[in-house]
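A.B. asks: only geometry, no sequence info:
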(Lines give C-alpha, C1' and ligand atoms only; values in the text may rest on other atoms or scores of the structure.)
Protein backbone atom coordinates (compact mmCIF):
# COMPACT_ATOMS: atom_id res chain seq x y z
CA UNK A 1 0.00 0.00 0.00
CA UNK A 2 1.40 3.35 -1.02
CA UNK A 3 0.85 6.42 1.12
CA UNK A 4 1.20 9.89 -0.36
CA UNK A 5 1.47 12.83 1.98
CA UNK A 6 -0.74 15.80 1.13
CA UNK A 7 0.93 18.92 -0.20
CA UNK A 8 1.12 21.80 2.22
CA UNK A 9 -0.63 25.05 1.34
CA UNK A 10 -0.13 28.09 3.54
CA UNK A 11 -2.62 30.97 3.35
CA UNK A 12 -1.04 34.08 4.84
CA UNK A 13 -3.28 36.96 5.93
CA UNK A 14 -1.09 39.77 7.26
CA UNK A 15 -2.35 42.86 9.06
CA UNK A 16 -2.74 45.56 6.44
CA UNK A 17 0.20 47.81 7.30
CA UNK A 18 3.75 47.80 5.89
CA UNK A 19 5.32 46.62 9.15
CA UNK A 20 3.33 43.39 8.85
CA UNK A 21 3.01 43.03 5.07
CA UNK A 22 6.70 43.05 4.19
CA UNK A 23 7.81 40.39 6.71
CA UNK A 24 4.80 38.21 5.84
CA UNK A 25 5.63 38.41 2.12
CA UNK A 26 9.26 37.52 2.90
CA UNK A 27 8.15 34.55 4.99
CA UNK A 28 5.77 33.40 2.24
CA UNK A 29 8.51 33.60 -0.36
CA UNK A 30 10.85 31.53 1.82
CA UNK A 31 8.19 28.87 2.34
CA UNK A 32 7.39 28.78 -1.38
CA UNK A 33 11.06 28.37 -2.30
CA UNK A 34 11.10 25.22 -0.17
CA UNK A 35 8.33 23.60 -2.20
CA UNK A 36 5.26 24.68 -0.24
CA UNK A 37 2.32 26.35 -1.97
CA UNK A 38 1.65 29.82 -0.53
CA UNK A 39 -1.24 32.24 -1.02
CA UNK A 40 -0.91 35.78 0.33
CA UNK A 41 -4.16 37.66 0.89
CA UNK A 42 -4.06 41.46 0.54
CA UNK A 43 -6.14 44.40 -0.57
CA UNK A 44 -5.42 45.77 -4.07
CA UNK A 45 -3.95 48.95 -2.57
CA UNK A 46 -1.49 47.01 -0.41
CA UNK A 47 -0.76 44.40 -3.08
CA UNK A 48 0.75 47.11 -5.29
CA UNK A 49 3.71 47.28 -2.87
CA UNK A 50 4.90 43.73 -3.59
CA UNK A 51 3.01 42.45 -6.66
CA UNK A 52 6.07 42.76 -8.93
CA UNK A 53 8.14 40.60 -6.54
CA UNK A 54 5.44 37.92 -6.42
CA UNK A 55 5.04 38.04 -10.22
CA UNK A 56 8.79 37.50 -10.62
CA UNK A 57 8.67 34.48 -8.29
CA UNK A 58 5.71 33.04 -10.23
CA UNK A 59 7.65 33.47 -13.49
CA UNK A 60 10.48 31.43 -11.93
CA UNK A 61 8.08 28.58 -11.17
CA UNK A 62 7.72 29.21 -7.45
CA UNK A 63 4.30 28.16 -6.09
CA UNK A 64 3.16 31.48 -4.65
CA UNK A 65 -0.06 33.35 -5.35
CA UNK A 66 -1.48 36.73 -4.51
CA UNK A 67 -5.19 36.87 -3.72
CA UNK A 68 -6.50 40.43 -3.82
CA UNK A 69 -9.67 41.12 -1.87
CA UNK A 70 -11.42 44.47 -2.05
CA UNK A 71 -11.78 46.12 1.35
CA UNK A 72 -15.27 47.68 1.61
CA UNK A 73 -14.08 50.95 3.17
CA UNK A 74 -16.87 53.12 1.70
CA UNK A 75 -19.58 50.69 2.83
CA UNK A 76 -18.01 50.66 6.31
CA UNK A 77 -17.91 54.47 6.43
CA UNK A 78 -14.12 54.66 6.35
CA UNK A 79 -11.98 57.06 4.24
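C.D. replies: Sure, I can see it. Computed from a prediction, not measured in an experiment: that's the story for all the values here.
A.B. asks: Beyond the helix or strand of the chain with the lowest mean pLDDT, next helix or strand please.
C.D. replies: When each helix and strand of the chain is scored by mean pLDDT, DSSP states H and E, helix 44-47 comes last, with a mean of 88. The C-terminal neighbour of helix 44-47 among helices and strands, as given by DSSP states H and E, is helix 51-59.
A.B. asks: what element comes up after that next one heading to the C-terminus?
C.D. replies: Immediately after helix 51-59, counting by DSSP H and E, sits strand 64-68.
A.B. asks: can you list contacts of the least confident helix or strand of the chain?
C.D. replies: Applying Cβ atoms under 8 Å, 6 or more residues apart in numbering, the contact partners of helix 44-47 are 16, 21, 66, 68, 70-71. Where you see a C-beta, it was placed from the backbone N, CA and C, and this is true even at glycine.
A.B. asks: Pipe these into TSV and attach neighbour count and distance to residue 53 per row.
C.D. replies: Formatted as TSV, those follow (neighbours: other Cβ atoms under 10 Å; distance: Cβ to Cβ, whole Å):
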residue	neighbour count	distance to residue 53
16	13	17
21	20	11
66	20	10
68	15	15
70	8	21
71	15	21
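A.B. asks: For these, work out which two are farthest apart.
C.D. replies: 21 and 70 (16.7 Å; Cβ to Cβ).
A.B. asks: Longest helix of this structure, counting residues only.
C.D. replies: Ordering each helix of the chain by length in residues (DSSP state H) puts helix 18-33 first.
A.B. asks: So in terms of bridging, what pairs with residue 12?
C.D. replies: Counting by DSSP bridges, residue 12 is bridged to residue 40.
A.B. asks: that older thread, between the contacts of helix 44-47, which sits nearest residue 52?
C.D. replies: Among the contacts of helix 44-47, residue 66 lies closest to residue 52 (Cβ to Cβ), at 10.6 Å.
A.B. asks: Just list the residues touching that closest one, thanks.
C.D. replies: Counted by Cβ under 8 Å, 6+ apart, residue 66 has contacts 39-40, 42, 47, 50-51, 54.
A.B. asks: Tell me how far it lies from residue 76.
C.D. replies: 23 Å (Cβ to Cβ, to the nearest Å).
A.B. asks: quick one on the thing from earlier: out of the contacts of residue 66, which end up buried?
C.D. replies: For the contacts of residue 66, a burial check counting by 16 or more other Cβ atoms under 10 Å picks out 39-40, 42, 47, 50, 54.
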